[in-house]
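> Generate a structure from the sequence data that follows.
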Amino acid sequence: MLVIPESEQARAADTRRPTILVVDDSRINLKGVSRMLEGRFDVLTAESGPLALEIAARKPRPDLILLDVMMPEMDGYEVIQRLRANPLTSDIPVIFVTARVNDEDEQRGLSLGAADYITKPLSAAILLARVQNHLKFKQAQDVLRTHNATLESRVMERTETLGAILDSADQLIAMITPEGALMAINRIGAGEFGATPAELAGKNLFDLLPPEFGIAVSDQIAEVVNTGRTSEIDAAKQDRTFHVTVYPVPGHPPRVVVYASDVTDRVAAEVELRKEREQLATSLAHQRGLNHKLEDAQNQLLQSEKMASLGQLAAGVAHELNNPIGFVRSNVTTLEGYLKGLFEIIAAYDTKTRDALPPADVADLADIKAQDDFEFIHEDIFQLLSESKDGLTRVQEIVQNLKDFSRVGGAGWGWADLHACIDSTLNIIWNEIKYKCTVVKHYDPTLPQVYCIASQLNQVFMNLLVNAAHAIPEKGEIVISTDHSVDGCVRIRIADNGVGIPEENLQRLFEPFFTTKPIGKGTGLGLSIAYGIIGKHHGNIEVSSIVGQGTTFTVTLPIDKAADADGATAEAAGASA
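Now for the predicted structure:
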């Protein structure tokens, strides 16, 4: 029978493609998800919960399960409970796939052991990114579990070896007087001195031991005789270490029992065990660091998806508003022309009837006009139309700002005017800052366009401007300045005269989840995401602050990074698919 070594089995397992089990009661959904995954993974499908449980327990077991929540017969929550209850499937990561999710559903799924949630309709890029992240996380967990098992096995093996050594080790057992006279000694102990128990009878133990060893044992025996309590010490004899235990023996004459064990090997084993434990602690700390980085990446991905959804929503609203605004504006303009014609006709009638009608009739018509305040209506109606057209113009500007902020049709890399980006962002957040902040702009009139992802830079500017506004308690000023240098870079500075940031917090500003805002006022992700976006653009972001005087963020971006952005263009296109 051919036996494959475990190391070769592990290498063989590493080379196979991961297996993904897709569970959904809709065949259309199964086919759609399978097409997204095929070519990268081995895909299994199940149209019901019971079939999914059966497939998951087979070999080879799936490396990850994409599980629909809403299914007849057995929903996703019951399926994951059964998966977790089965030792064969308890460690398979499960990602819920659902068309609707709220905080309660998400909390319930995570409490049952779900690794993540993905909402329908699915994006291939997001699905693949989530699947790959969780597969990497599972692979890291499997490696750590295997490593832990190996270490535990080695520790157990060494512990058993140490026990065997102690069981079979030569151990001196002797009864002596406080002065060291041997009253009795066992055969193995006598063999330590190259003699038999009979040959050592009546001799002094201290005379047989090396001075440095004998003095330590003599002091130990004197302490036991005086206190009546057991004592243990480790003493060295040549290049060996002995553990010496002295027990008091009740009665007369005074005497003690001495146990001396050669613990040289045990001490060495303990040193080795301590080193291995330190190595294990280092490995665990490294794994925790990897897990923390994965969690940060997942949270940033979730935040990016939320911002992308917000941009799509803004673009959709802007698009839907354009048409009704257009025909309302056209109708108001047409109505203004109609009213001008009507008033001209009324004026002509007034002229013609003033001489043609009897004075009494003319007076009656004048009374009717006065009662209905005709002159005021004539004057006010065109003012109302003018104000309506101004209002429609403002609505169109708001719609245009939404389109500029979301960058409809331009989610990838391209040339952008940073001043337009900043202005559209200011218009979006103006209601939040206009009552407490005065915005001062010092724009470089010769600032060149920058090759970038404009919608992502809008997000950076929005985070920095909102933070600046929040740093101002009542009334203050935000100064935005731009310039460019001969080395091919542009700089954007956003400064406020708010409360400032303490020195000890400056180094942590860009850490995920770190925030100086009160609980419930901030997620701690805004600056972390901004830092990641600027890094993706091969730029940098710096901060300086003085408590009580204000804070300045400086963003530096290369003007042209087309060569570096080529790969990112494909990535952004895939993410928007």
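> Tell me where the stretch 101-250 of the chain has strands.
116-119, 171-176, 182-185, 231-237, 240-249 (DSSP state E, counting those that start in this stretch).
> Need these in a markdown table (columns: mean pLDDT and mean neighbour count).
From N, CA and C alone the C-beta is placed, and that goes for glycine too. A markdown table is the format used below for the strands of the stretch 101-250 of the chain (pLDDT from 0 to 100; neighbours: other CB atoms under 10 Å):
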| stretch | mean pLDDT | mean neighbour count |
| --- | --- | --- |
| strand 116-119 | 85 | 18 |
| strand 171-176 | 82 | 18 |
| strand 182-185 | 83 | 20 |
| strand 231-237 | 77 | 15 |
| strand 240-249 | 82 | 17 |
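> As a check, name the ranges of all strands in the stretch 451-577 of the chain.
Residue ranges of the strands in the stretch 451-577 of the chain, as given by DSSP E, counting those that start in this stretch, are 476-484, 489-496, 540-546, 550-558.
> Identify the residues contacting the last one?
Translated: strand 550-558. If you take CB atoms under 8 Å, 6 or more residues apart in numbering as the criterion, strand 550-558 is touched by 450-452, 457, 460, 464, 468, 471, 488-498, 500-501, 534, 537-545.
> ok, that strand: who's next to it in the sheet?
Counting by DSSP bridges, the strands paired with strand 550-558 are strand 489-496 (antiparallel), strand 540-546 (antiparallel).
> And for the first one?
If you go by DSSP bridges, strand 476-484 pairs up with strand 437-442 (parallel), strand 489-496 (antiparallel).
> I'd like the next helix or strand past the helix or strand where Ala348 lies.
Following DSSP states H and E, one finds Ala348 within helix 264-356. Counting by DSSP H and E, the element after helix 264-356 in chain order, helix or strand, is helix 359-371.
> buried set for that next one?
Within helix 359-371, the residues that qualify as buried are Leu365, counting by 16 or more other CB atoms under 10 Å.
> Residues contacting that helix from elsewhere in the structure, which ones?
With CB under 8 Å, 6+ apart as the test, helix 359-371 has contacts from 353-354, 357, 375.
> Return the distance of that helix from the chain's centre.
Offset of helix 359-371 from its chain centre (CA atoms, centre = their mean, to the nearest Å): 79 Å.
> could you give me the average pLDDT of that helix?
The average pLDDT within helix 359-371 is 79.
> and what of stretch 504-523?
Stretch 504-523 comes out at a mean pLDDT of 64.
> circling back to that earlier point, state the pair within the contacts of helix 359-371 that is farthest apart.
Farthest apart among the contacts of helix 359-371 by CB to CB are Leu357 and Glu375. That separation is 20.0 Å.
> of those two, who's got more company?
Taking neighbours as other CB atoms under 10 Å, Leu357 and Glu375 compare with Leu357 leading, 13 against 10.
> and which of the contacts of helix 359-371 is nearest to Phe193?
Looking across the contacts of helix 359-371 and measuring by CB to CB, the closest to Phe193 is Glu375, at 134.5 Å.
> Next, work out how far apart Arg274 and Leu144 are.
Distance of Arg274 to Leu144, computed by CB to CB, to the nearest Å: 21 Å.
> Compare neighbour counts for those two and give me the winner.
Leu144 (16 against 10).
> show me the contacts for Pro178.
221-222, 225, 254-256.
> For Ala201, state which of the residues you listed is nearest.
Among those, Arg255 lies closest to Ala201 (CB to CB), at 14.5 Å.
> my guess is that closest one contacts Val249, does it?
Yes - applying CB atoms under 8 Å as the test, Arg255 and Val249 come out as touching, 4.9 Å apart.
> picking up where we left off before, the strands of the stretch 451-577 of the chain: which one's closest to Arg158?
strand 540-546 (50.5 Å).
> Low-confidence ranges, the stretch 251-400 of the chain, go.
Residues of the stretch 251-400 of the chain meeting the criterion pLDDT under 70: 296-323, 326-327, 394, 396-400.
> Who are the contact partners of Val271?
If you count contacts by CB under 8 Å, 6+ apart, then Val271 has nothing around it.
> mind listing the helices for the stretch 101-250 of the chain?
103-111, 124-168, 187-192, 197-200, 205-208, 211-227 (DSSP state H, counting those that start in this stretch).
> Now for the nearest residue to Gln449 once chain neighbours are set aside, how many residues are close by?
Nearest residue to Gln449 in three dimensions, chain neighbours excluded: Trp415, at 4.4 Å (CB to CB, 6 or more residues apart in numbering). The tally of other residues near Trp415 (other CB under 10 Å) stands at 14.
> Report the contact partners of Trp415.
When contacts are counted by CB under 8 Å, 6+ apart, Trp415 touches 449-451.
> can you check Val43 too?
With CB under 8 Å, 6+ apart, Val43 has these contacts: 19-20, 22, 34, 37.
> Which pLDDT value goes with it?
pLDDT, the model's per-residue confidence, is 91 for Val43.
> that's a strand at it, yeah?
Yes - using DSSP: H, G, I helix; E, B strand; the rest coil, the secondary structure at Val43 is a strand.
> before we move on, back to that, now for Arg255 and Val249: what residues contact both?
Met175.
> quick one on the thing from earlier: least reliable of the strands paired with strand 550-558 going by mean pLDDT?
strand 540-546 (a mean of 91).
> Give me the contacts around that strand.
With CB under 8 Å, 6+ apart as the test, strand 540-546 has contacts from 460, 500-501, 506, 509-510, 530-531, 534, 551-556.
> and His378, helix, strand or coil?
Following three-state DSSP, His378 is assigned to helix.
> Any figure for the gap between it and Thr393?
As judged by CB to CB, His378 and Thr393 stand 24 Å apart.
> ditto for Ala363
To Thr393, Ala363 is 44 Å away according to CB to CB.
> same deal with Asn86?
65 Å.
> likewise Arg35?
Noted for Arg35: a distance of 48 Å to Thr393, by CB to CB.
> Endpoints of stretch 430-437, how far apart?
This stretch, stretch 430-437, spans 10 Å end to end (CA to CA, to the nearest Å).
> Buried ones in it, by neighbour count?
In terms of neighbour count (16+ other CB under 10 Å), stretch 430-437 has its buried residues at 433, 437.
> who's in contact with that stretch?
With CB under 8 Å, 6+ apart as the test, stretch 430-437 has contacts from 439, 465-466, 468-469, 472, 474-478, 496.
> swap the cut-off to 10 Å and go again
Contacts with stretch 430-437, where a contact means CB atoms under 10 Å, 6 or more residues apart in numbering, come from 398, 401, 426, 439, 465-466, 468-478, 496-498.
> Write the ChimeraX selection for whichever of the contacts of Trp415 are buried.
ChimeraX command restricting the contacts of Trp415 to the buried ones, with burial defined by 16+ other CB under 10 Å:
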select :450,451
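> Among the contacts of Trp415, which lie within helices?
When DSSP state H is applied, these are split such that none fall in helices.
> beta partners of Asp42?
Beta-bridge pairing for Asp42 (DSSP bridges): Thr19.
> Neighbours of it, how many?
By other CB under 10 Å, 15 other residues sit near Asp42.
> show me what contacts it?
16-21, 60, 62-63.
> And for Val258?
Contacts of Val258 by CB under 10 Å, 6+ apart are 172-176, 180, 182, 185, 189, 205, 217, 220-221, 224, 244-247.
> hmm, try it at 8 Å
Listed by CB under 8 Å, 6+ apart, the contact set of Val258 reads 172-176, 205, 217, 221, 244-246.
> so it, which of the three states?
strand.
> related to what we said a few turns ago, just send the helices of the stretch 101-250 of the chain back as TSV, with mean pLDDT and distance to Asn331 too.
What follows is the helices of the stretch 101-250 of the chain, written out as TSV (pLDDT from 0 to 100; distance: least, CB to CB, whole Å):
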stretch	mean pLDDT	distance to Asn331
helix 103-111	80	44
helix 124-168	77	43
helix 187-192	79	113
helix 197-200	82	122
helix 205-208	80	118
helix 211-227	82	108
